[in-house]
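Chemist: Pasted the sequence and its predicted model underneath.
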Amino acid sequence: MIAFDFKYFKPATAEETCETWNEVQRQGEKPMIFSGGTEIITFARVNKLYTDAVIDIKGIKECNVLELQENEIVIGAAVSLNKITDSKLFPLLGDTVKQIADRTSRNKITIGGNINSQLIYKEGVLPLLLVDAKVKLAKKKGEEVVPLQSIFDKELKMGPGEMLLQVIINASAVDLPYANIKRTKFSKVGYPVVSVAALVKDNQTRVAFSGVCSYPFRSHEVETILNDSKLTISERVEKVIGHLSSEIIDDLQGTKGYRIFVLRNILLDIAEELGMAE
Amino acid sequence: MINKVFTTVGKPEGRIDAVEKSTGKVRYIGDYSVPGLMHAKLVTSTQAHARIKSIDTTEAWKVPGVRAIVTGEVFPYHIGPILADRPPLAFEKVRYYGEPVAIIVADHEYQAKLATTKVKVEYEPLPIVNSVQQAFQTDAPLVHENAGSYTKIISNVYPKTGTNIGSHIKIRKGNFEDAWENCEETITADYSFNLSDHAALETRSTRVEINPKGKVIVHSCSQSPFTIKKVLNQFFNVEVGNVLVHIPMIGGAFGGKGTVQLEPLAYLASKSVGGKLVKLEMDREEDMTTSPCRIGLDATVQLGATKEGKLVAGKYTYLLDSGAYTDQAAGITRAAALDCTGPYDIPNVWCDSYCVYTNHPFATSFRGYGHPELTFAVERTMDQLAKQLQIDPLQLRIINGIKPGHTTPTQTVLTANNIGDIEKCINRAKELIHWDEGQKTVSGKNKVRSKGISTFWKTSTTATNAEAGAILTFEADGSVNLNCAAIELGQGTKTILGQILAEKLGMGMDKIHVTMETNTQYDPHQWRTVASSSTFLAGRAVISAADHAIAQLKNTSATVLQCSTEDLDIGDGRVFLKPDPTKGVEMKDISLGYTYPSGHTIGGQVVGVGKYIQRHLTPMDEETGFGKPGPWWSVGVQAVEVELDTRDFTYSILKGVTVLDGGTIINPMTATQQMRGGMYMGLSYAASEKFVFDENGVVQNGDLRTYPMLRYGEQPDQYLVDFIETPAVDGPFGARGIGEYGVIGAPACLANSLSIAADAELNQLPLTPEFIWKAKGESGL
């Protein structure tokens, strides 16, 4: 049970959402965008989250789109993870989000909610970073499409009153060879000790990580090392680990030493799966 | 009675609660609401060990709807089932993170919950006791300053003032020291078993009202209705007859609902609002840390044997982490001692079993009552000893298996009736796990498969005067109502008791109506629904009630049929003449009294009353442990086959085997499911479950977001269960208890198989890939 009272709004348009947001703020209150609600509900009931008003975006048409539009795959922020997997529109994304929580939760968890999660994992963002996805944002003065990477640094950086409406993926990216491996503490359902998504484009391996550091990321330095054909695969993996080492986390899911061990194995497995040349 | 061909006993009858449960129509305690119901929520401690300097409730009172705030000084006394050492609400100091400090009573649950966040408790931190090893050190901080002064509720508990010892149980059988000196082969090893949560689907919940006449009416999801009466009487001075306890169907308990924790709190809450009906329902997070959990165990096992592998001497040191209060951990300390050896015949036994206070959440009974823990330590040692002796681990177990004629650690003499056949269980498990095909095989690149095995045993350490009763009433159609105080908590006890009754009366299960709810006002006394004892205790009571009813039915029939009662038999809804079954009378015509065509009546309604009380049980001698603690020992064997990735140490459990000798199995299908469920639970906490504490004793993973457990679908692919049925003459139709047994050997056999696969001695739990990785590192990878 959630102990505090809060207001609930369900606007029908992005414009109305921004207006509601601003109006709540003008009254000195704290609004929050509500999509699947899994985090808001579970954190609010243990007093780890507070909001004065939730603004539900599931009534906005654009947020519920899931389709191929000409040469772009468009996914609304309020589309559930299960729908994305079941649509098979973007297999790497489908496979990656299928590893989040359990199926019942994924009926509710949305891609927008996952990207904006309070948790450090946000695994849904990994494939999007790899394919240079774009995001459509609702802003005060209308909508804007920008590259995801331009506003994603550890988390999605949006201004006050801005909101994620859609993610847009170039359809040519979905046929690229990919691999994704997630390792948990034990059960299949759980937070990642290490989760890695990778794909190959123009003979270059791209790779993004979750669970390794306290944020999900795709790093060009890491990719440069991984694609350095002067080194053996094993040397590249060690160099990547060395590069990331200072930021590798130590928590309930696994110690730092164990994470390094797991990361090493996963990178070697991915190199093998993607047939990375020595 | 066990030579007859049974019609219902031994058959896979459907569970009588299956339809209600599968359609979601069962109403649990928390589902109930009524106008005027008030809600209580707990303010819990944010510190593991601290003096309470002040509690400021000013802001909490400002929350609308708040009607009362109760703090510890309202009831500054200690309660407990074995040793009275726990204040229901902390006063003066808190001893674990999550301990109840205050109760808020409000009109609505959200108001009470909001108000709990507004109570400001000022603490003065005290040094933390964060492990049993630390607790045992001479200069350790004390969790209880004066443990020796607490009131003992039952015998066999020995707290020591000036230490963190809540109890110390000794076993002295034979002469360990001399025997140890002369052993040809010895082994000593240390083990550690983590604390974990019961995680029953239904969180604990209760509601209490005190009516204007002074009757205290309790509704609760408890395994111990009569203990609730006892506690409210003993510690709160309510006349025992004025406490009325109702228990509906329970959504899982596993021993965790045997503790009387919430009912006294809800009683104080109700009292604070003039006796109004107050509901106290735990959130999952409170259920995990505020309510009691499973004990932890640190153990040292020493075994001495001949070169041929015959065990000669065994020494067992068990340090049980009972957390802040002894509760049932004091009883578990005793249970661990009296079965300390596992099912082996050892002439010289020395055991020190300590109940150790720490600043962890307090522990209570959890399916197995100390046995999964001791079995892990014993069975790991057996495997290591076998390796040392170069004997097949199964052979070592067969050589030493305990049998009729042997004595247990407390020197109870075993007979053909009070112990199952361990050797038969081993041999059956050996077939099912295909032991002879090799204990370890390479199954692929970086993949090995290995098999591990564990024997186990357990007796039901009930109170020496534990008893049960049953009452049968009849309907006009000749069908029967069965009332007794065995609690249905998902284990299927009501179905089993129904089957026992159906068998006795020669009726179909469709004519047996078992009352699901328990009401202490009309159900006869039953000790508690714990310790795998209900089939035995309540089953015997049902048999006795059935005999009582049958005698009445035959009496009436004998008059109607003009014959002697000896000429009559009962079955298929009739009482009939043995020599000519066509001559008889329908049950429906006699069960409420027989009416002649003239209108005259005879017999009156049939009311069957039956009871059973334990016989010849004794407490244990303080110095040697000598005594008879339980009526029988069920024995069994569990085995798993795992596939381990030797590169990354991930593994999967391919096959699980359970073979149990539980005497006659009343219902093979529910028994099989119970073994599977038990094994799954044991594998889950052996593989992943563990409460993690920071250096301040604060639980780091007290919610299901971070507390790791196996999920549905992660059970072994093959899940084989079989039974050896060595009947127990005094059990109902030859049955012994089986409820807890499926869990007992699971952690040990998983650890044994993984130790073989990983080629490292894995003597701690949980067996996560990270732990195996670490163990491999330590052994020099």
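Modeler: Yep, it's here. Numbers count the residues shown, from 1 in each chain, chains lettered A, B, ... in the order given.
Chemist: hey, let's count contacts and neighbours off CA atoms from now on
Modeler: OK.
Chemist: For residue B:709, see how far away the residue of the stretch 51-200 of chain A found nearest chain B is.
Modeler: Residue nearest to chain B within the stretch 51-200 of chain A: residue A:187 (5.6 Å; CA to the nearest CA). Distance, residue A:187 to residue B:709, using CA to CA, to the nearest Å: 7 Å.
Chemist: Tell me, how many residues neighbour the residue in the stretch 1-150 of chain A positioned nearest to chain B?
Modeler: Using CA to the nearest CA, the single residue of the stretch 1-150 of chain A nearest to chain B is residue A:3, 4.3 Å away. When neighbours are counted by other CA atoms under 10 Å in any protein chain shown, residue A:3 registers 20.
Chemist: Look up the closest residue to it, ignoring the ones flanking it.
Modeler: residue B:110 (4.3 Å; CA to CA, 6 or more residues apart in numbering or on different chains).
Chemist: these two touch, right, that neighbour and residue A:45?
Modeler: No: using CA atoms under 8 Å, residue B:110 is not in contact with residue A:45; the gap is 9.8 Å.
Chemist: Overlap in contacts, these two.
Modeler: When contacts are counted by CA atoms under 8 Å, 6 or more residues apart in numbering or on different chains, residue B:110 and residue A:45 are jointly contacted by A:1, A:2, A:3.
Chemist: you'd agree the second one is up against residue A:48?
Modeler: No: the pair residue A:2 and residue A:48 fails to qualify as a contact (CA under 8 Å) at a distance of 10.7 Å.
Chemist: Give me the more crowded residue out of the two.
Modeler: residue A:2 (19 against 9).
Chemist: Give me the phi and psi angles of that one.
Modeler: The phi/psi pair for residue A:2 (degrees, to the nearest 10) reads phi -90, psi 130.
Chemist: how many neighbours does the nearest residue to it once chain neighbours are set aside have?
Modeler: Distance criterion CA to CA, 6+ apart; nearest residue to residue A:2, sequence neighbours excluded, is residue A:45 at 4.3 Å. Neighbourhood size, residue A:45 [other CA under 10 Å]: 18.
Chemist: I'd like the shared contacts of residue B:110 and residue A:45 laid out as a markdown table, including pLDDT.
Modeler: Shown next, in a markdown table, are those (pLDDT from 0 to 100):
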| residue | pLDDT |
| --- | --- |
| A:1 | 91 |
| A:2 | 96 |
| A:3 | 96 |
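Chemist: Contact partners for the residue nearest to residue A:2?
Modeler: Neighbouring residues of residue A:45 by CA under 8 Å, 6+ apart: A:1, A:2, A:3.
Chemist: Now do the contacts for the first one.
Modeler: Translated: residue A:1. Taking CA under 8 Å, 6+ apart, one finds A:45, B:109, B:110 in contact with residue A:1.
Chemist: Mind checking what secondary structure residue B:481 has?
Modeler: strand (DSSP: H, G, I helix; E, B strand; the rest coil).
Chemist: And it, how far from residue B:514?
Modeler: 6 Å.
Chemist: cool, residue A:53 as well?
Modeler: 50 Å.
Chemist: Now do the strand or helix carrying residue B:337: distance to the chain's middle.
Modeler: Per DSSP states H and E: residue B:337 is located in helix B:329-338. With CA atoms, centre = their mean, to the nearest Å as the basis, helix B:329-338 stands 13 Å off its chain's centre.
Chemist: Please name every helix or strand in contact with the helix or strand that it is followed by.
Modeler: Along the chain past helix B:329-338, the next helix or strand (assigned with DSSP H and E) turns out to be strand B:348-357. Judged by 3 or more CA pairs under 8 Å, 6 or more residues apart in numbering or on different chains; DSSP states H and E, the packing partners of strand B:348-357 are helix B:132-136, strand B:165-173, helix B:176-181, strand B:311-323, helix B:329-338.
Chemist: I'd like to know which elements the second one is packed against.
Modeler: So that's strand B:165-173. helix B:329-338, strand B:348-357.
Chemist: Can you give me the neighbour number for residue B:213?
Modeler: Neighbour count of residue B:213, defined by other CA under 10 Å: 7.
Chemist: Then residue B:446?
Modeler: Using other CA under 10 Å, residue B:446 has 12 other residues around it.
Chemist: how far away is it from residue B:755?
Modeler: Using CA to CA, we find residue B:446 at a distance of 16 Å from residue B:755.
Chemist: Then residue B:722?
Modeler: Here the criterion is CA to CA. By it, residue B:722 lies 26 Å from residue B:755.
Chemist: what does residue B:39 give?
Modeler: For residue B:39, the distance to residue B:755 - CA to CA - is 50 Å.
Chemist: Those two - which one has more neighbours?
Modeler: In terms of neighbours (other CA under 10 Å), residue B:39 is the more surrounded of residue B:39 and residue B:755; the figures are 27 against 23.
Chemist: and the more buried one, what element?
Modeler: strand B:38-44.
Chemist: likewise residue A:21?
Modeler: Residue A:21 belongs to helix A:14-26 when assigned by DSSP H and E.
Chemist: Tell me the helix or strand right after that helix.
Modeler: Downstream of helix A:14-26, the next assigned helix or strand under DSSP H and E is strand A:31-34.
Chemist: for that following strand, packing partners?
Modeler: Packed next to strand A:31-34, using 3+ CA pairs under 8 Å, 6+ apart, are helix A:14-26, strand A:53-56.
Chemist: where does residue A:113 fall, phi/psi-wise?
Modeler: phi -70, psi -40.
Chemist: Grab the nearest non-local neighbour of it.
Modeler: Nearest to residue A:113 is residue A:35, by CA to CA, 6+ apart, at 6.1 Å.
Chemist: hang on, isn't the one you found packed against residue A:54?
Modeler: No: between residue A:35 and residue A:54 there is no contact, the gap being 9.2 Å when judged by CA under 8 Å.
Chemist: Would you mind telling me which of the two has more residues around it?
Modeler: Taking neighbours as other CA under 10 Å, residue A:35 and residue A:54 compare with residue A:35 leading, 26 against 22.
Chemist: could you list every residue that touches that one?
Modeler: Residue A:35 makes contact with A:56, A:57, A:58, A:77, A:78, A:109, A:110, A:112, A:113, according to CA under 8 Å, 6+ apart.
Chemist: how about 6 Å then?
Modeler: The contact partners of residue A:35, by CA atoms under 6 Å, 6 or more residues apart in numbering or on different chains, come to A:56, A:57, A:78.
Chemist: how about the helices in the stretch 101-250 of chain A?
Modeler: When assigned using DSSP state H, counting those that start in this stretch, the helices of the stretch 101-250 of chain A occupy the ranges A:103-106, A:111-115, A:125-130, A:148-151, A:220-226, A:233-244.
Chemist: Of residue A:187 and residue B:709, which one has the most company?
Modeler: The residue with more neighbours, out of residue A:187 and residue B:709, is residue B:709; 25 against 17, by other CA under 10 Å.
Chemist: And for the strand holding residue B:39, what's in contact with it?
Modeler: B:98-109, B:112-113, B:116, B:278-280.
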